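In: The following comprises the amino acid sequence and a computationally predicted model.
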Amino acid sequence: MSIEVSVIIPNYNCKPYLAKAISSIVRQENISYEILVVDDGSTDGSVEWLENLQKTLPEIRVIAQPNTGVVKARNRAISEAKGDYIAFLDADDYWTDDKLSNQINYMKQNSDCVLSFTNYMHVNEKYEPIIDCFSYWPEFSKFIDKNSTGYQNLKSPMDLLLFANVIGTSSVVVKKSAISFVGKFDTSLNSASDWDCWLKLARIGDVAFSLQTSMGYLMRAGSITANRKNRLNAMKVIISRCKNDTGFDTKLKAKARMLECYGEYYREIGLKFKALRITAAAFMLFPHKRNFQHLLHDIKQTIKPS
C-alpha cells in the first residue's frame with residue numbers, strides 16, 4: 001500500500017512524552033502512514049527507545065543527527081518523506097483518533113487546499129484542559145461559518161494569519177509538493193518559522209480548518225517564554241515580508257499584535273510601566289477582549305503598593 005501521509009516528529013530529549021505522541025498516531029484509522037522521528041541530538045535515551053520500538057512498529061523511521069534545531073530537523077524529514085501529504089506532530093503533543101482520516105480525505109477532495117489545521121486544546125502537565133485555541137482568539141470568530149460541519153475554507157487567510165496565528169503546528173497537514181515549492185521552513189529565522197511557512201503557503205493555495213479539537217498541546221513549565229525576544233525579532237521580519245499582501249486594516253491589526261507581544265515580554269521581565277504603555281497602545285490600535293484584560297492587569301500592577 002502506498003503511503004498517503006508522512007508524520008514528522010522532531011525530538012530533543014522528549015523521551016517521557018514519545019509513547020503518548022506515537023500511540024496517538026498508531027490509533028489513526030483508514031489511513032496509510034509512515035512516522036519519521038528526527039532525533040536532534042538527544043541525550044536522554046530517546047534514540048535507543050525509538051530503535052527498540054522499530055522492532056514492533058515497522059512504520060517508524062528514526063533519523064538521528066547532531067543538534068541543529070527543530071527547523072532543520074523538520075526540513076530534513078520533509079526531504080525524506082514518502083507521502084503526498086505531511087503531518088506535523090511535536091514529540092510532547094498528541095492527536096485524537098480520527099484526526100488524520102478526516103483531514104486527508106478533505107484535502108484529497110479539495111485539490112486546491114495546500115494546508116489544513118484544526119482547533120486544539122492547551123493542556124497542563126497532568127493533561128487537564130486549559131483553553132482551546134480558537135476561544136483564545138475571539139477575533140477568529142468572524143472567519144468561521146458556525147453552520148458548517150467538518151472542514152471549511154478559511155476566507156482571506158492572509159488577513160487573519162498575519163495578526164492572529166491560530167495554527168498549531170501539531171494540527172497541520174500540508175501537501176508535500178506545496179511546502180517544498182515555498183522552500184519549506186526558513187532556517188534564517190530564529191523563531192516563528194512555522195508561522196512564516198503558513199503565510200507562504202496561504203499565498204499559493206487554499207487554507208482549510210476544522211472546529212473539531214483534534215490535538216492536545218502540552219504546556220510544559222518554562223517552555224512558553226524562553227524564546228520571547230527571538231520571536232519578537234522574527235515577527236518583525238515576517239510582517240515586513242507581507243506588507244504587500246494585505247490591506248491597511250490588517251496591517252494595523254498586525255502592528256497591534258506586535259505591540260501586544262512586546263507588552264507580554266515587558267510584563268514577564270518586570271517592566272510594568274513599560275508594559276502598561278505598550279499594552280495601552282495595542283488596545284488603542286485594535287481594541288478587543290484579550291487586550292482589554294491585559295490593560296486592566298497592567299493598570300492594577302502599576303497602582304499596587306510596592
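Out: In hand now; what should we look at?
In: Phi first, then psi, for V174.
Out: Backbone torsions of V174, given as degrees, to the nearest 10, read phi -130, psi 160.
In: Could you tell me how many residues sit around it?
Out: V174 has 26 neighbouring residues, counting by other CB atoms under 10 Å. From N, CA and C alone the C-beta is placed, and that goes for glycine too.
In: Next: the one 5 residues further on.
Out: Counted by other CB under 10 Å, the residues lying close to I179 total 24.
In: measure it to L162 for me?
Out: The gap separating I179 from L162 is 19 Å, by CB to CB, to the nearest Å.
In: Tell me where the protein has helices.
Out: All helices of the chain, identified by DSSP state H, fall at 15-26, 46-53, 70-80, 99-109, 133-136, 157-161, 176-181, 193-204, 228-241, 248-268, 272-285, 289-303.
In: got those helices as JSON lines, with distance to E34 columns?
Out: Shown next, in JSON lines, are the helices of the chain (distance: least, CB to CB, whole Å):
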{"stretch": "helix 15-26", "distance to E34": "10"}
{"stretch": "helix 46-53", "distance to E34": "14"}
{"stretch": "helix 70-80", "distance to E34": "10"}
{"stretch": "helix 99-109", "distance to E34": "12"}
{"stretch": "helix 133-136", "distance to E34": "27"}
{"stretch": "helix 157-161", "distance to E34": "28"}
{"stretch": "helix 176-181", "distance to E34": "12"}
{"stretch": "helix 193-204", "distance to E34": "21"}
{"stretch": "helix 228-241", "distance to E34": "31"}
{"stretch": "helix 248-268", "distance to E34": "36"}
{"stretch": "helix 272-285", "distance to E34": "44"}
{"stretch": "helix 289-303", "distance to E34": "39"}
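In: Which of those sits closest to L115?
Out: Among the helices of the chain, the nearest to L115 by CB to CB is helix 193-204 (4.7 Å).
In: I would like the residues contacting the closest one, please.
Out: Helix 193-204 is contacted by residues 71, 114-115, 157-158, 161-162, 165, 167, 169, 172, 174, 178-179, 181-187, 189, 207, 234-235, 238, 241-242, 245 when judged by CB atoms under 8 Å, 6 or more residues apart in numbering.
In: run the last query once more with 6 Å
Out: 71, 114-115, 157-158, 161, 165, 167, 169, 178, 182, 185-186, 238 (CB atoms under 6 Å, 6 or more residues apart in numbering).
In: what's the answer for stretch 132-151, then?
Out: Identification of contacts with stretch 132-151 by CB under 6 Å, 6+ apart yields 106, 119-121, 152, 155, 160, 164, 166, 168, 208, 210, 213, 288-289.
In: Now Q152: closest residue in space that isn't a chain neighbour?
Out: D145 (5.6 Å; CB to CB, 6 or more residues apart in numbering).
In: same question but for K289, I mixed them up
Out: P138 (5.6 Å).
In: ok, the one you found - how many residues close by?
Out: As a burial measure, P138 scores 12 neighbours (other CB under 10 Å).
In: ok, now D196?
Out: 23.
In: Quick check: buried residues in stretch 120-137?
Out: Neighbour counts over stretch 120-137 (16 or more other CB atoms under 10 Å) mark Y120, M121, H122, V123, C133, F134, W137 as buried.
In: Tell me how many other residues surround the residue nearest to A280 when sequence neighbours are not counted.
Out: Take A280 and drop its neighbours on the chain: the residue closest to it by CB to CB, 6+ apart is L295, 6.1 Å away. Using other CB under 10 Å, L295 is surrounded by 19 other residues.
In: Surely L295 and I278 touch.
Out: No - assessed by CB atoms under 6 Å, L295 is found out of contact with I278, at 10.2 Å.
In: which stretches of the stretch 151-300 of the chain aren't confidently modelled?
Out: For the stretch 151-300 of the chain, residues meeting the criterion pLDDT under 70 lie at 222-226.
In: which ones are touching D245?
Out: So D245 contacts M158 (CB under 6 Å, 6+ apart).
In: so how far is A202 from it?
Out: 9 Å.
In: Next: A234.
Out: 17 Å.
In: Same drill for those two, tell me which one is more crowded.
Out: A202 (24 against 20).
In: What separation is there between the more buried one and I167?
Out: Separation of A202 from I167 (CB to CB): 10 Å.
In: same deal with L89?
Out: 14 Å.
In: same deal with L189?
Out: 16 Å.
In: Those two: which is more packed in?
Out: I167 (26 against 20).
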